[in-house]
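[1] The amino acid sequence is not available; the structure is as follows:
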Ligand SMILES: Nc1nc2c(ncn2[C@@H]2O[C@H](COP(=O)(O)OP(=O)(O)OP(=O)(O)O)[C@@H](O)[C@H]2O)c(=O)[nH]1
């Protein structure tokens, strides 16, 4: 039974626990009340019947002895006028009818009524109750000098029968039953309303908590339960759940923010040189591919610079690697500052930089490259009381009908840079290479340095 109950929801269990005893209790009380009421009504009817025959028997003594018919009729009429009386009859001592008025009166009575005491015989018929008693002669008071002793039993001069109808009694019983039924219904309805509200006040908040926990388990961290509970413990449970959900959501937000931050940092590190803050070689290769695709789509002019510092090693050798780093960083800032915002600058190797210029005419590109050369040469780097000036050799290549691939463009710029380096350093060489420079490039690498 308990195990079967346990399978139901908490709300149903509470309804059963609260509602069932109330129903049983109310039905028992109602049945008891109806039974007692019915008995009281039956008793009242019996009492009335007995009272009637007790009244009629002595009253009929004289009438029966005298044989006064008019008095007998008057007596019957008086009896019949009483509430619930449906028949009054007088019989001789042998049970033969002398006079009858109303219903439920047989022409002959079954058995004689004993005369001792206050004996009244009661019989139940369909819809009526009969009461019979003997009419006896009340002995007259005798004086102390009488010769005969008084009779032990009074002589019977007749019998009286009164019949009470039960119609009014049945109507009253029906009325009692109806009233009790309505009361039961009212009390049960009130009990069910109370049970429903009590079960709801516990069951609904618990059900809401169960739903919320399920949604949270499915990953919905924004779920909260409404504060509906009126009970102290359930209120604390709702508040505790909401606080816990908020704490989990907050830690999830913090974690996500850290992951996002780390992702951004990793993405930046993957595409940037940490020393100069410029985009690195990987970014350069991706951007040059994109630039070439843009050129194919829209004919956008693309110019590529390969910039290799001259005699940079001397700084490292003289002042140490840290000083070399410092100079690389300064030259990164210089390059970025001398190019337009839409031009892109990269550090693609140890002392090698590159730049991608868009929508830049041939002459402008050359002038810009030479300006960079001059600016780098003019940049003075002081270290340990010594002043260093490194120069730069720049190779320049532009997309044209012969240079349609990213790789080819990079090789062309690299070859131009190599030519500049071997042509005396500190100047710009543009691809296609001059004949003299081209002839001296037999040892030039066929691919950009890694
Ligand atoms: N400080 C520093 N030095 C670097 C870094 N990466 C490469 N180098 C050095 O840069 C130098 C590059 O070599 P080279 O290009 O042959 O040196 P260079 O003196 O410029 O020679 P030329 O280009 O022929 O003029 C080497 O000495 C490397 O050790 C770096 O990140 N920091």
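    Alright, I've got the coordinates. The shown structure was predicted, so the numbers you read here are calculated from the model rather than taken from an experiment.
[2] Would you mind listing what in this structure touches the ligand?
    275, 308-313, 316, 321, 324-325, 328, 350-351 (Cβ under 6 Å from any ligand atom). For the C-beta atoms, the positions are set from N, CA and C on the backbone; glycine is no exception.
[3] do that again at 5 Å, thanks
    Residues of the chain lying close to the ligand (Cβ under 5 Å from any ligand atom) are 310, 311, 312, 313, 316, 321, 324, 325, 350, 351.
[4] Strands - which of the residues you listed land there?
    residue 310 (DSSP state E).
[5] Any of the residues of the chain next to the ligand buried? List them.
    Neighbour counting with 16 or more other Cβ atoms under 10 Å marks 310, 312, 316, 324, 351 as buried within the residues of the chain next to the ligand.
[6] hang on, the earlier thing: any idea which of the residues of the chain next to the ligand is the one closest to residue 75?
    Residue 75 lies nearest to residue 325 out of the residues of the chain next to the ligand, by Cβ to Cβ, at 143.0 Å.
[7] quick one: contacts for that closest one?
    Residues counted as contacts of residue 325 (Cβ atoms under 8 Å, 6 or more residues apart in numbering) are residue 275.
[8] now swap in the one 4 residues further on and tell me
    If you count contacts by Cβ under 8 Å, 6+ apart, residue 329 has them with 275, 276.
[9] before we move on, the earlier item: using JSON lines, lay out the buried ones among the residues of the chain next to the ligand together with pLDDT and distance to residue 293.
    Formatted as JSON lines, these follow (pLDDT from 0 to 100; distance: Cβ to Cβ, whole Å):
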{"residue": "310", "pLDDT": "97", "distance to residue 293": "34"}
{"residue": "312", "pLDDT": "97", "distance to residue 293": "34"}
{"residue": "316", "pLDDT": "96", "distance to residue 293": "38"}
{"residue": "324", "pLDDT": "97", "distance to residue 293": "36"}
{"residue": "351", "pLDDT": "97", "distance to residue 293": "30"}
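[10] Where do the helices of the stretch 51-200 of the chain begin and end?
    When secondary structure is read from DSSP state H, counting those that start in this stretch, the stretch 51-200 of the chain shows helices at 69-80, 167-217.
[11] Can you name every helix or strand that the last one contacts?
    If you count contacts as 3 or more Cβ pairs under 8 Å, 6 or more residues apart in numbering; DSSP states H and E, helix 167-217 packs onto helix 10-66, helix 232-271.
[12] got those as CSV, with distance to residue 138 columns?
    Formatted as CSV, the helices and strands packed on helix 167-217 follow (distance: least, Cβ to Cβ, whole Å):
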stretch, distance to residue 138
helix 10-66, 7
helix 232-271, 81
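[13] Mean pLDDT lowest where, among these?
    Least confidently modelled of the helices and strands packed on helix 167-217 is helix 10-66, at a mean of 87 by mean pLDDT.
[14] Residue 397 bridge partners, please.
    residue 304 (DSSP bridges).
[15] so what's the backbone phi/psi at the closest residue to residue 301 other than its chain neighbours?
    The spatially closest residue to residue 301, leaving aside those adjacent along the chain, is residue 359, at 5.6 Å (Cβ to Cβ, 6 or more residues apart in numbering). With angles defined as degrees, to the nearest 10, residue 359 sits at phi 50, psi 50.
[16] likewise residue 388?
    Dihedral angles (degrees, to the nearest 10) for residue 388: phi -120, psi 140.
[17] what sits against it?
    314, 315, 318, 319, 327, 380, 381, 382.
[18] Tell me which of these fall in strands.
    Those of those lying in strands (DSSP E): 381, 382.
[19] which residue packs closest to the spatially most central residue of the chain, ignoring adjacent ones?
    The centroid of the chain falls nearest to residue 208 when counting by Cα atoms, centre = their mean (3.5 Å). In space, and not counting its chain neighbours, residue 208 is closest to residue 225: 4.9 Å by Cβ to Cβ, 6+ apart.
[20] where does the one you found land in three-state SS?
    coil (DSSP: H, G, I helix; E, B strand; the rest coil).
[21] Next, count neighbours for it.
    Using other Cβ atoms under 10 Å, residue 225 has 19 neighbouring residues.
[22] Correct me if wrong: it contacts residue 205.
    Yes - here residue 225 reaches residue 205: they are 7.4 Å apart, a contact under Cβ atoms under 8 Å.
[23] Can you pull the residues that touch both of those two?
    In contact with both residue 225 and residue 205: residue 238, using Cβ under 8 Å, 6+ apart.
[24] which residues sit in contact with residue 160?
    53, 56, 57, 60, 88, 89, 90, 91, 132, 133, 135.
[25] do you know how far it is from residue 128?
    16 Å (Cβ to Cβ, to the nearest Å).
[26] swap in residue 65?
    29 Å.
[27] cool, residue 416 as well?
    137 Å.
[28] chain center to stretch 52-65: distance?
    In terms of Cα atoms, centre = their mean, to the nearest Å, the centre of stretch 52-65 is found 83 Å from the chain centre.
[29] Next, the buried residues of that stretch.
    52, 53, 54, 55, 56, 57, 60, 61, 63, 64.
[30] excluding its backbone neighbours, what's nearest the last one?
    Once flanking residues are discounted, residue 64 sits nearest to residue 158: 4.2 Å by Cβ to Cβ, 6+ apart.
[31] Now for the one you found, how many residues are close by?
    Residue 158: 23 neighbours (other Cβ under 10 Å).
[32] residue ranges with poor pLDDT in this structure?
    The chain contains residues with pLDDT under 70 at 1, 111-118, 139-153, 435-450.
[33] repeat that with 80
    1-7, 9-11, 14, 18-19, 110-118, 138-154, 434-450 (pLDDT under 80).
[34] tell me the domain ranges of it?
    Domain assignment for the chain by automatic domain parsing gives 2-138+153-171, 221-268, 281-439.
[35] start to end distance for the first one?
    With Cα to Cα, to the nearest Å applied, domain 2-138+153-171 spans 45 Å between its terminal residues.
[36] gap between that domain and the chain center?
    The answer for domain 2-138+153-171 is 65 Å, by Cα atoms, centre = their mean.
[37] Repeat that for the second one.
    Domain 221-268 sits 17 Å away from the centroid of its parent chain (Cα atoms, centre = their mean).
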